[in-house]
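In: All I have is the shape, not the residue letters:
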């Protein structure tokens with residue numbers, strides 16, 4: 001088989017595609033972000049509403065994406081959809097942002113999370129190799145994080161069958177473990193009065209801030225202040241629910257893509273939404289919503305002040321005691337490793353599609369003997385490793401989340417644009433509830449973006465700057481081609 005063959009092999013079925021959707025979504029976020037959200041909103045009912053809204057708009061986006069996926073069942077997914085609706089410049093800006101911070105930044109952050117939890121089993125990983133100045137620390141943890149990215153990239157270069165096997169095993173393992181945490185959590189928690197206490201004044205919202213001197217300031221929220229706080233903190237649950245669109249990047253390797261991609265998008269996002277909401281109900285059944293940072297025990301910390309925001313570990317400790325530290329660390333290692341497998345598998349296909357369109361390194365168009373865009377995968381690997389080393393990926397993720405939401409809005413708006421521009425195009429699947437469901441997604445997400453612009457102007461502004469930086473890069477690339 002020639003090394004430079006440029007046609008991908010369709011070998012992934014519906015279960016594989018659904019596994020990729022769910023596996024890419026479930027990382028470490030569900031075990032951590034609820035603590036920050038609890039401090040921001042201070043209400044059990046509002047907390048669940050935010051997770052439900054996150055799930056609803058994610059499923060709504062997936063149902064709308066299905067139409068575009070059915071029309072364009074080729075590698076590249078969202079990049080291809082945006083180009084068809086808006087042209088090459090906007091599609092390049094999307095690909096540029098995905099490469100610089102969204103895909104590679106998430107891969108780096110998840111790899112470091114994997115290594116952080118591995119240190120619970122192997123404390124030697126905490127040892128520092130060297131430092132630069134006062135802020136940069138290079139430890140064995142970062143070595144492991146980089147190694148995990150390289151290992152998963154290598155596995156994925158061996159063929160889509162290898163990648164899908166890893167993805168299916170790890171997705172199945174973390175789904176089983178999450179369901180166990182939910183079932184055991186509800187079983188244990190419902191035998192206490194914790195859940196009923198959390199819902200006693202369930203709509204009373206407040207924002208809790210820890211001051212530099214260690215004191216706590218609690219500000220009651222009402223009216224528009226509640227909506228503002230909810231709109232700002234929803235970025236946490238949205239980030240935890242992101243990456244569901246990665247399955248569209250590998251459309252060129254999915255069997256019957258016009259049917260299986262829309263189905264996998266719906267099933268994957270629905271499964272994860274149900275799991276996330278139930279996981280938060282389990283947290284509320286096991287731990288008080290309120291708490292104090294310096295409490296004598298885990299229950300005293302509550303959800304708000306779980307140690308290092310590890311609310312999943314705190315909840316597990318209420319079920320299993322001290323052993324839960326290791327159980328939870330193992331679960332998060334499985335979760336993050338499987339999540340990165342899916343992200344690495346799918347990301348390379350996006351850059352492959354960009355390269356075929358002349359908007360990425362030409363060598364990324366080549367497939368190896370296993371019919372995998374290996375060079376695209378290795379370029380992605382190298383940049384993700386650089387972000388691991390730099391220690392800047394956390395900032396990049398914050399900036400990129402806002403930019404990612406903007407591109408989601410543009411993509412869903414593309415459903416309307418292409419209905420008008422190409423009314424007779426083949427649409428094996430039409431967006432569910434069109435035009436109401438896609439329009440609802442756009443309205444809600446625009447409202448969230450406006451709220452973020454108001455409440456987090458600095459980071460959202462930097463997100464826009466990262467996108468805008470792609471404009472001169474695009475014209476440089478085009479001039480160089482000419």
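Out: That came through fine. In this text the structure is predicted, and so the values were computed from the model without any measurement.

In: which residues touch residue 477?
Out: 92, 358-359 (Cβ atoms under 8 Å, 6 or more residues apart in numbering). No exception for glycine: its C-beta is placed from N, CA and C like everyone else's.

In: Just the buried ones among the residues you listed, please.
Out: Burial by neighbour count, 16 or more other Cβ atoms under 10 Å: within these this picks out 92, 359.

In: Columns secondary structure and distance to residue 63 on top of the contacts of residue 477, output as a markdown table?
Out: Putting the contacts of residue 477 into a markdown table (DSSP: H, G, I helix; E, B strand; the rest coil; distance: Cβ to Cβ, whole Å) gives the following:
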| residue | secondary structure | distance to residue 63 |
| --- | --- | --- |
| 92 | helix | 27 |
| 358 | coil | 32 |
| 359 | coil | 29 |
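
In: for this structure, longest helix please?
Out: Ordering each helix of the chain by length in residues (DSSP state H) puts helix 324-356 first.

In: And it, what does it pack against?
Out: Applying 3 or more Cβ pairs under 8 Å, 6 or more residues apart in numbering; DSSP states H and E, one finds that helix 324-356 makes contact with helix 14-25, helix 78-86, helix 88-97, helix 103-121, helix 140-157, helix 160-189, helix 311-320, helix 374-390.

In: quick one on the thing from earlier: got JSON lines for the contacts of residue 477, with distance to residue 235 and pLDDT too?
Out: Output for the contacts of residue 477, formatted as JSON lines (distance: Cβ to Cβ, whole Å; pLDDT from 0 to 100):
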{"residue": "92", "distance to residue 235": "26", "pLDDT": "94"}
{"residue": "358", "distance to residue 235": "34", "pLDDT": "85"}
{"residue": "359", "distance to residue 235": "29", "pLDDT": "85"}
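
In: Residue 419: which of the contacts of residue 477 is nearest?
Out: Among the contacts of residue 477, residue 92 lies closest to residue 419 (Cβ to Cβ), at 24.0 Å.

In: ok, that closest one - contacts?
Out: Residue 92 sits next to 354, 359, 470, 473-474, 477 when contact means Cβ under 8 Å, 6+ apart.

In: Go through these and name the one with the lowest pLDDT.
Out: The lowest pLDDT within these belongs to residue 477, which sits at 79.

In: pretty sure residue 253 is touching residue 160, no?
Out: Yes. Between residue 253 and residue 160 there is a contact under Cβ atoms under 8 Å: 5.3 Å.

In: could you measure the residue nearest to residue 169 when sequence neighbours are not counted against residue 25, distance?
Out: Spatial nearest neighbour of residue 169, chain neighbours left out: residue 338 (7.6 Å); criterion: Cβ to Cβ, 6 or more residues apart in numbering. In this view, residue 338 and residue 25 are 11 Å apart by Cβ to Cβ, to the nearest Å.

In: And for residue 146?
Out: For residue 146 relative to residue 25 (Cβ to Cβ), the value is 24 Å.

In: Who has more neighbours out of those two?
Out: Under the criterion of other Cβ atoms under 10 Å, the comparison of residue 146 against residue 25 puts residue 25 first, with 27 against 20.

In: How much space separates the residue nearest to that one when sequence neighbours are not counted from residue 27?
Out: Take residue 25 and drop its neighbours on the chain: the residue closest to it by Cβ to Cβ, 6+ apart is residue 272, 4.7 Å away. Using Cβ to Cβ, one obtains 11 Å as the distance from residue 272 to residue 27.

In: Could you list the low-confidence segments of the stretch 201-350 of the chain?
Out: Within the stretch 201-350 of the chain, no range satisfies pLDDT under 70.

In: Show me where it has its helices.
Out: Counting by DSSP state H, counting those that start in this stretch, the stretch 201-350 of the chain has helices at residues 224-240, 257-286, 298-301, 311-320, 324-356.

In: so which of those comes closest to residue 381?
Out: Using Cβ to Cβ, the nearest of those to residue 381 is helix 324-356, at 7.4 Å.

In: Isn't residue 360 up against residue 348?
Out: No. At 10.8 Å, residue 360 does not count as touching residue 348 under the criterion of Cβ under 8 Å.

In: who's more crowded, residue 272 and residue 27?
Out: Between residue 272 and residue 27, counted using other Cβ under 10 Å, the more crowded position is residue 27 (28 against 25).

In: That one: helix or strand, and which one exactly?
Out: According to DSSP states H and E, residue 27 maps onto no helix or strand at all.

In: one step back: surely the residue nearest to residue 169 meets residue 22?
Out: No. Contact criterion Cβ under 8 Å: residue 338 and residue 22 do not qualify, at 9.6 Å.

In: intersection of neighbour lists for these two?
Out: Shared contacts of residue 338 and residue 22, counting by Cβ under 8 Å, 6+ apart, come down to residue 171.

In: Tell me the secondary structure of residue 138, please.
Out: strand (DSSP: H, G, I helix; E, B strand; the rest coil).

In: Give me the nearest residue to residue 403, chain neighbours excluded.
Out: residue 463 is the one closest to residue 403 (Cβ to Cβ, 6+ apart), at 4.3 Å.

In: quick one, what contacts the one you found?
Out: Each residue near residue 463 by Cβ under 8 Å, 6+ apart is listed here: 398-403.

In: could you redo the last one with a cut-off of 7 Å?
Out: The contact partners of residue 463, by Cβ atoms under 7 Å, 6 or more residues apart in numbering, come to 399-400, 402-403.

In: which non-adjacent residue is nearest residue 333?
Out: Nearest residue to residue 333, sequence neighbours excluded (Cβ to Cβ, 6+ apart): residue 117, at 5.1 Å.

In: Contact partners for residue 175?
Out: Per Cβ under 7 Å, 6+ apart, neighbours of residue 175: residue 22.

In: Report the separation between it and residue 298.
Out: Taking Cβ to Cβ, one finds residue 175 at 26 Å from residue 298.

In: Repeat that for residue 50.
Out: Relative to residue 298, residue 50 is positioned 24 Å away (Cβ to Cβ).

In: Which single one of the contacts of residue 477 is nearest to residue 46?
Out: Nearest member of the contacts of residue 477 to residue 46, counting by Cβ to Cβ, is residue 92, at 39.3 Å.

In: Now that residue 349 has come up, it's in contact with residue 251, right?
Out: No. In this structure residue 349 lies outside contact range of residue 251 using Cβ atoms under 7 Å: 8.1 Å.
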